[in-house]
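Trainee: Give me a 3D structure for the following:
(one chain, ligands or ions: 1)
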Amino acid sequence: MALPIEDYALIGDRGTAALVGKDGSIDWLCLPRFDSPACFAALLGTEDNGRWLLAPADPVTATSRRYVDGTALLETTFTTAGGEVVLLDLMPTGDGRADVVRRLTCTRGTVRIRHDWVVRTDYGQVRPWVSREHAYDEEVVVAVAGPDKLVLRGPRLPRGHDGHHSDEFEMTAGDEATFSMTWVNSWFDVPAPLGMTERVAATTREQREWSQRSPRDVPHADMVRRSLLTLLLMTHAETGGIVAAPTTSLPEDFGGERNWDYRYCWLRDAALTLESLLGAGYDDEALDWRRWLLRAVAGDPADLQIMYTVDGGRQLPERELPHLPGYADSRPVRIGNGAVSQRQNDVLGEVMIALELAREAGLAETPNSWALQRALVDELADHWDEPDNGLWEIRGPQRHFTHSRVMVWVAFDRAVRAVEQHDLPGPVERWRELRDRVREEILDKGFDSTRGTFTQHYDATEVDASLLTIPLVGFLPGDDPRVLGTIEAIMTDLMRDGLLLRYRTQTGVDGLTGDEHPFLACSFWLVSALASAGRRDEAGALLDRLCALANDVGLLSEEYDPAHQRMVGNFPQAFSHLALVQAALALR
Ligand SMILES: OC[C@H]1O[C@H](O[C@H]2O[C@H](CO)[C@@H](O)[C@H](O)[C@H]2O)[C@H](O)[C@@H](O)[C@@H]1O
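Mentor: Below you'll find the predicted structure:
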């Protein structure tokens, strides 16, 4: 049985990432890429679906964790009656390899350690062939199945029984034991051992240098730093693609069907991530992502997808994995994502905002980069009035979602500004005319003058938390009475225990069964909207409360269940962390 979501921490090498539990077990790891099949999938099943445990065998009386300052190196300290042992977990970056390093150091007394290495490839389903081999003057344990080869190294290698490789050994104060696991394709030889000391030092240095550039003149500067570093870990180093989260199917509703695969690059989430990185002064990342975008979207603008694989691939068909029982029995476990074929009209607006910010940060347009934006805006100009599935990717009927309409306005607005302010070529008269038309339409059909609020879609009287972005994208000023009315209506209708729901599921708008919990990004948007309305004290108090919801190492999932005080949904979630950064910047 997996731990509560908040009991996990993230380590990663910017190619993939792992979740390490407070109990010393790595319960989720896909190798070599975020969206590769998992070789440790206990998170969505049992330890027999694969995990790697290193922890005291004796009862643990206390556990504490922290990231080594400014890095994603995780340190877990276990105390037992007999002593104390510190477990350092990391995935070295920057060398193009896929390694996990786990170093145990006994700091006090004597501690008996339990080691359990259970590899199950293909999302916890396939038992590999495991053998001992000699390579590079040492004995190693090698697990092979299909395309995967996993090589375990260490001072004491575990022995096989019942599909597990296990061991127990004693450590006394001053002892150190370092284990590593390396993935290669099965047709390659066992790779050379890692230059451990040098790679650990280099990873520490790289991450520290990067995170030291994070802004300090913002509230919750440490949380902002951790969020930015978490977003960096979700950015694929080689391709520049940014995943929405490193997990699949952590449920939005425990025991329910709202279980989705987030290990892909949504244009919306990636553009918003980039906006927060640029806002925090990280300009270099914009170039990598723009290159990613140009490659992913290349071709006919009519073929634009709302999400891609991290290398820009277009195929991510949704399917279920019946062999996994799911986190807390939440079935089905899904891989791939059916939302890929949806129409979501907000996406281009998000992309145009991010690219405008990049331009303003000094990233010059190339002929290709502007030609692409122009082609996409022209394509939108031919379809701007069509209904869509909205940013929440509802699986019910398509609608004219007010948020999507506002983002259509944004797309035309940023295109007009590119011509007016950056001298880029384009049919500015047509874009201006469409921008003004969609604006009038929104104010006419998306606003309920009786209640004084914008509405979820043109046929609804319901509100939706996405409307909080209206002042943030510049559609109306933050102190406009229509914005203030919308903030009030959202706080009245969607607040649950001080946190915001995205929308009320009871209307059936999303075409799904079950309910969901407050969506953390929406509460961060409320912070930003309150700040733009001049209500900075209220905004600051809400930001304090939201930051306090992060787990002990500063990570947030997608949603939060205030009644049971637990995290819900995929973890850690870029949407939550990027919105945290933007909220803190709004209160700078
Ligand atoms: O709630 C239904 C939808 O949930 C997922 O989408 C959510 O996550 C996306 C990635 O962070 C985000 O872009 C979107 O705005 C969220 O609603 C899921 O991926 C969808 O398939 C699902 O329909």
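
Trainee: From now on I want contacts and neighbour counts done on CA atoms only, so please keep to that.
Mentor: Fine.

Trainee: So which residues of the stretch 151-300 of the chain form strands?
Mentor: Under the criterion DSSP state E, counting those that start in this stretch, the stretch 151-300 of the chain contains strands at 159-161, 164-172, 176-185, 265-266.

Trainee: and the longest one, how far from the chain's centre?
Mentor: Read that as strand 176-185. 26 Å (CA atoms, centre = their mean, to the nearest Å).

Trainee: mind listing what's buried in that strand?
Mentor: 176, 178, 179, 180, 181, 182, 183, 184 (16 or more other CA atoms under 10 Å).

Trainee: Adding distance to the ligand and mean pLDDT, write the strands of the stretch 151-300 of the chain out as a markdown table.
Mentor: Output for the strands of the stretch 151-300 of the chain, formatted as a markdown table (distance: least, CA to the nearest ligand atom, whole Å; pLDDT from 0 to 100):
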| stretch | distance to the ligand | mean pLDDT |
| --- | --- | --- |
| strand 159-161 | 39 | 96 |
| strand 164-172 | 34 | 98 |
| strand 176-185 | 28 | 98 |
| strand 265-266 | 6 | 98 |
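
Trainee: For the stretch 351-500 of the chain, just list every one of the helices.
Mentor: Remark: helices assigned in the stretch 351-500 of the chain by DSSP state H, counting those that start in this stretch are 367-383, 402-422, 428-445, 481-494.

Trainee: closest to residue 507 among the buried residues of strand 176-185?
Mentor: Taking CA to CA as the measure, residue 507 lies nearest residue 183 of the buried residues of strand 176-185, at 47.2 Å.

Trainee: Find the closest residue to the ligand in the stretch 301-450 of the chain.
Mentor: Going by CA to the nearest ligand atom, the ligand is nearest to residue 392 of the stretch 301-450 of the chain, at 3.4 Å.

Trainee: Near the closest residue to residue 336 other than its chain neighbours, how many other residues are there?
Mentor: Spatial nearest neighbour of residue 336, excluding adjacent residues (CA to CA, 6 or more residues apart in numbering): residue 318 at 3.9 Å. Other residues within reach of residue 318, judged by other CA atoms under 10 Å, total 14.

Trainee: The one 4 residues further on now?
Mentor: Taking other CA under 10 Å as the neighbour definition, residue 322 ends up with a count of 11.

Trainee: Before we move on, what's the pLDDT of it?
Mentor: On pLDDT, residue 322 comes in at 98.

Trainee: Residue numbers of the stretch 351-500 of the chain in contact with the ligand?
Mentor: 391, 392, 393, 394, 395 (CA under 6 Å from any ligand atom).

Trainee: Would you list the buried entries among the residues you listed?
Mentor: 391, 393, 394, 395.

Trainee: Please tell me the pLDDT value assigned to the spatially closest residue to the second one that is not a sequence neighbour.
Mentor: Taking CA to CA, 6+ apart as the measure, residue 393 lies nearest to residue 339, with 6.3 Å between them; neighbours along the chain are not counted. In this model, residue 339 is scored at 96, pLDDT.

Trainee: And for residue 513?
Mentor: 84.

Trainee: neighbours around it, how many?
Mentor: Neighbour tally, residue 513, other CA under 10 Å: 13.

Trainee: Name the nearest residue to it, ignoring sequence neighbours.
Mentor: residue 257 is the one closest to residue 513 (CA to CA, 6+ apart), at 7.3 Å.

Trainee: Was I right to think that neighbour contacts residue 327?
Mentor: No: when contacts are counted by CA atoms under 8 Å, residue 257 is not listed as touching residue 327 (11.1 Å).

Trainee: circling back to that earlier point, got a list of what the residue nearest to residue 513 touches?
Mentor: 251, 330, 331, 332, 513, 514 (CA atoms under 8 Å, 6 or more residues apart in numbering).

Trainee: Next one: it from residue 440, what distance?
Mentor: 39 Å (CA to CA, to the nearest Å).

Trainee: Same question for residue 558.
Mentor: For residue 558 relative to residue 440 (CA to CA), the value is 34 Å.

Trainee: With neighbour numbers in mind, choose between these two.
Mentor: Taking neighbours as other CA under 10 Å, residue 558 and residue 440 compare with residue 558 leading, 25 against 12.

Trainee: For residue 421, state which of the residues of the stretch 351-500 of the chain next to the ligand is nearest.
Mentor: Nearest member of those to residue 421, counting by CA to CA, is residue 391, at 28.9 Å.

Trainee: hmm, which helix or strand of this protein has the shakiest average pLDDT?
Mentor: Of all helical and strand segments in the chain, the minimum by mean pLDDT, DSSP states H and E falls on helix 284-297, at a mean of 90.

Trainee: Now do that one against helix 367-383, angle only.
Mentor: On the basis of axes from the mean of the first three to the mean of the last three CA atoms, to 10 degrees, helix 284-297 is oriented at 60 degrees to helix 367-383.

Trainee: Could you check helix 284-297 and say which residues are buried?
Mentor: Buried residues in helix 284-297, defined by neighbour count with 16+ other CA under 10 Å: 285, 286, 288, 289, 290, 292, 293, 294, 296, 297.

Trainee: Pull the most distant pair out of those residues.
Mentor: Pairwise across the buried residues of helix 284-297, and taking CA to CA, the largest span is found between 285 and 297, at 18.2 Å.

Trainee: What strands flank the helix or strand hosting residue 61, and is each parallel or antiparallel?
Mentor: Residue 61 belongs to strand 60-67 when assigned by DSSP states H and E. Strand 60-67 has its sheet partners listed here by DSSP bridges as strand 74-80 (antiparallel).

Trainee: Mind pulling the model confidence for residue 432?
Mentor: Residue 432 is given a pLDDT of 98.

Trainee: Adjust the sequence numbering to begin at 42 for everything that follows.
Mentor: Shifting the count to begin at 42 puts that one at residue 473.

Trainee: do you know how far it is from residue 513?
Mentor: Applying CA to CA, the value for residue 473 to residue 513 is 20 Å.

Trainee: Check the helices of the stretch 392-541 of the chain for me and report the most buried one.
Mentor: Highest mean neighbour count among those (mean count of other CA atoms under 10 Å): helix 443-463, with a mean of 23.

Trainee: roughly how far is that one from the heart of the chain?
Mentor: Counting by CA atoms, centre = their mean, helix 443-463 comes out at 26 Å from the chain centroid.

Trainee: Likewise for stretch 573-580?
Mentor: Put simply, stretch 573-580 sits 27 Å off its chain's centre (CA atoms, centre = their mean).

Trainee: That stretch - what's its average pLDDT?
Mentor: The model assigns stretch 573-580 a mean pLDDT of 98.

Trainee: now stretch 296-303
Mentor: Stretch 296-303 comes out at a mean pLDDT of 95.

Trainee: what does the protein have sitting close to the ligand?
Mentor: So the chain meets the ligand at 285, 301, 303, 310, 378-380, 432-436, 616 (CA under 6 Å from any ligand atom).

Trainee: Dump those residues to TSV, plus distance to residue 132.
Mentor: Formatted as TSV, the residues of the chain next to the ligand follow (distance: CA to CA, whole Å):
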residue	distance to residue 132
285	20
301	25
303	21
310	24
378	27
379	31
380	31
432	33
433	33
434	33
435	36
436	37
616	23
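
Trainee: Could you identify the most distant pair in those residues?
Mentor: Farthest pair in the residues of the chain next to the ligand, by CA to CA: 436 and 616, 20.0 Å.
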